[in-house]
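**Student:** Model the following, please.
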Amino acid sequence: MKITICGKGGCGKSTITSLLAKALARRGKEVLVIDSDESNYGLHRQLGMELPGDFTGYFGGKETVLNDMMLSKFTHQFFQETWTLKDIPEKYYSLKDGVKLMVSGKIHQANEGCSCAMGTVMTQFVQNLRLAENQFALLDMEAGVEHFGRGIDNGVDLVLMIVDPSYESLQLSRKVGELAESIGKPFYYIFNKVTEDNREMMYENVWKTEQVAVCLEADPKIMNEGLTGKELSEKPEPVEYLAEFLLSLV
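**Tutor:** Take a look at the predicted model:
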């Protein structure tokens, strides 16, 4: 199963991606985490891994990829055949406890241009990726909904949106739901940073209450580990439930 994990900036996408990947791996599943956020430099730390090489490097690097796209009027196909998890070259992933991490690419210096090259490569990769029944791919997306515009979500099976207690996030829940429905993808909301004071407000203002899968309370230990760049060690019960729920959908 290929799963998009999205939401606004700071809602907890990477944290929940890491926790969910670990929960699925504990259940004996092979998990691929795809870091699709060119401005995220902490996901690998939450997983306790080294940052692997940018996957665009497999095709010559960002500049070469962009040049190939421009010469072909943006029709260049980087994948001629389907891929499996075993086909990912060792240089472009890190591995720990049943979880593989690959990175689309990062912005490494000023004025290097947009992230279109990374987005195109990952869009095609996801579309050509074939998973076995016991395998999961979790795509940690950049903030917002540009990934829908790029078409990367066309290749996934499910969309999970992380919703935090903010006006922007609750308003975004409608747009994400509508975009997911427009391409025929089921979607669920994960409430994050929930407290007794904001729980009711969140339920009252999210687009579709019936699509809320789980609620996670604000956890000081998880927050501290995230702030200090440590591997996440907690096993929140709602994430364990979410893992079981996803397994029931396979």
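
**Student:** wouldn't residue 56 be in contact with residue 120 here?
**Tutor:** No - Residue 56 is beyond contact range of residue 120, at 9.2 Å (criterion: CB atoms under 8 Å). All C-beta atoms are positioned from the backbone trio N, CA, C, and that covers glycine.

**Student:** ok, residues contacting the lowest-mean-pLDDT helix or strand in the chain?
**Tutor:** In the chain, no helix or strand scores lower on mean pLDDT, DSSP states H and E than helix 62-71, which sits at a mean of 88. For helix 62-71, the external contacting residues (CB atoms under 8 Å, 6 or more residues apart in numbering) are 54, 56, 59-60, 76, 78, 105, 112-113, 116-118, 120-121.

**Student:** who's more crowded, residue 56 and residue 120?
**Tutor:** Remark: of residue 56 and residue 120, residue 56 carries more neighbours, 26 against 23, as counted by other CB atoms under 10 Å.

**Student:** any idea how far residue 77 is from the closest residue to that one other than its chain neighbours?
**Tutor:** Counting by CB to CB, 6 or more residues apart in numbering, residue 105 is the residue found nearest to residue 56 once chain neighbours are left out, at 4.5 Å. Going from residue 105 to residue 77 by CB to CB, to the nearest Å gives 18 Å.

**Student:** So which of those two has more stuff around it?
**Tutor:** Between residue 105 and residue 77, residue 105 has the larger neighbour count (other CB under 10 Å), namely 22 against 9.

**Student:** Looks like the more buried one contacts residue 115 (just checking).
**Tutor:** Yes - between residue 105 and residue 115 there is a contact at 6.9 Å, judged by CB under 8 Å.

**Student:** shared neighbours, those two?
**Tutor:** residue 38.

**Student:** Taking the contacts of helix 62-71, please make a ChimeraX selection of just the buried ones.
**Tutor:** This is the ChimeraX syntax for the buried subset of the contacts of helix 62-71, where burial follows 16 or more other CB atoms under 10 Å:
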select :54,56,59,76,78,105,117,118,120,121
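
**Student:** can you redo the contacts of helix 62-71 as a markdown table with secondary structure and pLDDT?
**Tutor:** Listed next are the contacts of helix 62-71 as a markdown table, based on DSSP: H, G, I helix; E, B strand; the rest coil; pLDDT from 0 to 100:
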| residue | secondary structure | pLDDT |
| --- | --- | --- |
| 54 | strand | 93 |
| 56 | helix | 92 |
| 59 | helix | 93 |
| 60 | coil | 93 |
| 76 | coil | 90 |
| 78 | coil | 94 |
| 105 | coil | 80 |
| 112 | coil | 67 |
| 113 | coil | 64 |
| 116 | helix | 83 |
| 117 | helix | 83 |
| 118 | helix | 85 |
| 120 | helix | 93 |
| 121 | helix | 94 |
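
**Student:** now, which of the contacts of helix 62-71 sits nearest residue 185?
**Tutor:** residue 120 (20.0 Å; CB to CB).

**Student:** Could you pull out the helices in this protein for me?
**Tutor:** Shown for the chain, the helices assigned by DSSP state H span residues 13-26, 43-46, 62-71, 116-128, 146-150, 167-182, 199-205, 220-227, 237-249.

**Student:** Compare these and say which comes out lowest on pLDDT.
**Tutor:** Note on those: lowest mean pLDDT is at helix 62-71, with a mean of 88.

**Student:** For it, which residues meet the burial criterion?
**Tutor:** Applying 16+ other CB under 10 Å to helix 62-71 flags 62, 65, 66, 68, 69 as buried.
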